[in-house]
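Peer 1: I need the structure of the sequence given here:
(chains A and B)
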2 protein chains.
Amino acid sequence: MSPRQKTSSPIPSAGPAETVQVSPWGTPEQRERRRQIKREALVRAAARAFRDRGYHNTSLDDLAAALHITKPTIYGYIGSKQELLFECFRAGVGQIQSVFAEAEHIEGTGRERLLAAARGYAEAITSEFGWCMVRAEDQDLGPELSEKIKKLKSDIDQGLRRRIREGIADGSIRECDPKMTAFALAGALNWIAHWHRTNDALRPGEIAARLLDVFEFGLAP
Amino acid sequence: MSPRQKTSSPIPSAGPAETVQVSPWGTPEQRERRRQIKREALVRAAARAFRDRGYHNTSLDDLAAALHITKPTIYGYIGSKQELLFECFRAGVGQIQSVFAEAEHIEGTGRERLLAAARGYAEAITSEFGWCMVRAEDQDLGPELSEKIKKLKSDIDQGLRRRIREGIADGSIRECDPKMTAFALAGALNWIAHWHRTNDALRPGEIAARLLDVFEFGLAP
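Peer 2: Okay, here's the model as predicted:
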């Protein structure tokens, strides 16, 4: 409906059955979107709380209070605290999966693709999800979620190894042990979650560049 | 006393006052030594239990049962579970401090001293104390022990940075950001605690060599 039409008919009349009425609850799509936004805010707030106080020292009551909601409201979005930790982990891994997928399409050498992926990885670890991705303990999740996390971690590890092997194959990476080199690189990147502070003077991109410098030279043939 | 003398006088006689009597409790020195051995065994068993099940999922009751003792016996050696975690951390850091001190006296370049220190560091992380050193959370300790751990960690970090700066000064290490390079190196080393299994086919020295390969080349001028 254009503004002109609206002006010409200020009082809504009962339309035919097929006309969508404006509801203060919004359309089902709008409601689903608002629900998603709230769920994401909950996961983000949990990630910050776990990072700042530790998983075991944060209760759902603390979290509910910080978001001005009740614990039952939280349970409307998530089944348990364990599941919330898992969602924090998954949100961070999702960022890394995205940069890995982008890096795959870069025209260049295997080493260039590896380093592009590593830069994006570093930036994901500086996000609020870094702590949960790196420092949360598998033992704190039940066997089922723990298995899922192991699978996600293994995929990232295999992604790094594949990039390294590609680089060795195209001559852009020196002969090395791909498994141990992937561990060294992942360790350097994951460790960011241990020392990085949100008020760090360096921006994530600059942190990534300085940290990866030794790998850039150390991988070169 | 020789066996011959013993045979000639099978029944012990009361000696003069200054003669030390053989007591089934041993001498104070022997008792103190036995106490130390038991305390070390307790700390080592705790380190393994925390690594295998997580700190929060291990109770002092579990630990007492595994050692065939009672919880009050544990309290004869250690004030609290937090203190036990701290002692596990300190035992591991002690190993790193030793190799750092040894590396300081190596005749050679700054890069050689740094890599020698890093090799010993890697081997310490493969020990049972690796998990506690790397994966235990500061938040799980009270403010006082947490401060002590921060100090110990900072000393190790500063030790690595010093070695890197020395190497840059003597021309054996390429110009780089000593802080970020120390973080990259510590991350690669600490990460061993996340992937290393006690049944790993590679021995600790071999793990260290393959992992540090990229740094050996990446630090060279």
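Peer 1: in contact with residue A:97, which residues?
Peer 2: A:155-156 (CB atoms under 8 Å, 6 or more residues apart in numbering or on different chains). Placement of C-beta: from N, CA and C, glycine included.
Peer 1: buried residues in the helix or strand harbouring it?
Peer 2: Secondary structure assignment for residue A:97, by DSSP states H and E: helix A:81-104. Within helix A:81-104, the residues that count as buried by 16 or more other CB atoms under 10 Å in any protein chain shown are A:81-82, A:84-93, A:95-97, A:99-100, A:103.
Peer 1: what about that helix, distance to the chain center?
Peer 2: Here the centre of helix A:81-104 is set off from its chain's centre by 4 Å, with CA atoms, centre = their mean, to the nearest Å.
Peer 1: what residue is smack in the middle of chain A?
Peer 2: Chain A has residue A:92 as the residue nearest its centroid, 2.2 Å off, counting by CA atoms, centre = their mean.
Peer 1: which residues touch it?
Peer 2: Residue A:92 makes contacts with A:47, A:124-125, A:127, A:129-130, A:132-133, as judged by CB under 8 Å, 6+ apart.
Peer 1: among those, which lie within helices?
Peer 2: Of those, the ones assigned to helices by DSSP state H are A:47, A:124-125, A:130, A:132-133.
Peer 1: how about the residues of chain A by chain B?
Peer 2: A:53-54, A:56-57, A:135, A:137, A:139-140, A:174, A:176-177, A:180-181, A:183-192, A:194-195, A:207, A:210-220 (CB under 8 Å from any CB of the partner chain).
Peer 1: what about 7 Å?
Peer 2: Contacts of chain A with chain B, taken as CB under 7 Å from any CB of the partner chain, map to A:53-54, A:56-57, A:135, A:137, A:139-140, A:174, A:176-177, A:180-181, A:183-184, A:186-188, A:190-191, A:195, A:210-211, A:213-215, A:217-219.
Peer 1: that older thread, mind putting the ones in helices among the contacts of residue A:92 into TSV with neighbour count and pLDDT?
Peer 2: Putting the ones in helices among the contacts of residue A:92 into TSV (neighbours: other CB atoms under 10 Å in any protein chain shown; pLDDT from 0 to 100) gives the following:
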residue	neighbour count	pLDDT
A:47	25	96
A:124	23	94
A:125	25	96
A:130	24	92
A:132	26	92
A:133	25	91
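Peer 1: tell me which of those residues is nearest to chain B?
Peer 2: Ranked by distance to chain B (CB to the nearest CB), those are led by residue A:125 at 10.2 Å.
Peer 1: need the contact list for the closest one.
Peer 2: Shown in contact with residue A:125 (CB atoms under 7 Å, 6 or more residues apart in numbering or on different chains): A:133-134, A:189-190, A:192-193.
Peer 1: of these, which is the most crowded?
Peer 2: Most neighbours among these, by other CB atoms under 10 Å in any protein chain shown: residue A:189, with 29 neighbours.
Peer 1: which helix or strand contains that residue?
Peer 2: Going by DSSP H and E, residue A:189 is in helix A:178-190.
Peer 1: quick check: angle from that helix to helix B:178-190?
Peer 2: Inter-element angle recorded for helix A:178-190 and helix B:178-190: 130 degrees (by axes from the mean of the first three to the mean of the last three CA atoms, to 10 degrees).
Peer 1: hang on, the earlier thing: chain neighbours aside, what residue packs nearest to the residue nearest to the centre of chain A?
Peer 2: Using CB to CB, 6 or more residues apart in numbering or on different chains and skipping the chain neighbours, the partner closest in space to residue A:92 is residue A:129 (3.1 Å).
Peer 1: next, give phi and psi for that neighbour.
Peer 2: phi -90, psi -10 (degrees, to the nearest 10).
Peer 1: let me know how buried it is, in neighbour terms.
Peer 2: Residue A:129 is flanked by 27 other residues according to other CB under 10 Å.
Peer 1: my guess is it contacts residue A:91, does it?
Peer 2: Yes. Counting by CB atoms under 7 Å, residue A:129 touches residue A:91, with 5.1 Å between them.
Peer 1: quick check: pLDDT value at the closest residue to residue A:31 other than its chain neighbours.
Peer 2: Closest residue to residue A:31 apart from its sequence neighbours, by CB to CB, 6+ apart: residue A:25 at 6.4 Å. For residue A:25, the pLDDT comes out at 87.
Peer 1: for residue A:57, which three-state class applies?
Peer 2: coil (DSSP: H, G, I helix; E, B strand; the rest coil).
Peer 1: list the contacts of the closest residue to it other than its chain neighbours.
Peer 2: Nearest non-adjacent residue to residue A:57, counting by CB to CB, 6+ apart: residue B:139, 5.5 Å away. Applying CB under 7 Å, 6+ apart, we find residue B:139 in contact with A:53-54, A:57.
Peer 1: filter these down to the buried ones, PyMOL style.
Peer 2: Of the contacts of residue B:139, the buried ones go into a single PyMOL selection, burial set by 16+ other CB under 10 Å:
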select buried, chain A and resi 54
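Peer 1: closest to residue A:157 among the contacts of residue B:139?
Peer 2: residue A:54 (25.5 Å; CB to CB).
Peer 1: which residue sits closest to the closest one, ignoring its sequence neighbours?
Peer 2: Per CB to CB, 6+ apart, closest to residue A:54 is residue B:139, 3.5 Å.
Peer 1: phi and psi next, for that neighbour.
Peer 2: Dihedral pair for residue B:139: phi -60, psi -20, per degrees, to the nearest 10.
Peer 1: pLDDT below threshold where in chain A?
Peer 2: Applying pLDDT under 70 to chain A picks out residues A:1-21.
Peer 1: quick revisit: quick check, nearest of the contacts of residue B:139 to chain B?
Peer 2: Using CB to the nearest CB, these come closest to chain B at residue A:54, 3.5 Å.
Peer 1: list the contacts for the closest one?
Peer 2: Neighbouring residues of residue A:54 by CB under 7 Å, 6+ apart: B:137, B:139-140.
Peer 1: closest to chain A among these?
Peer 2: Nearest to chain A among those is residue B:139, at 3.5 Å by CB to the nearest CB.
Peer 1: can you tell me how far the closest one sits from residue B:149?
Peer 2: Distance, residue B:139 to residue B:149, by CB to CB, to the nearest Å: 11 Å.
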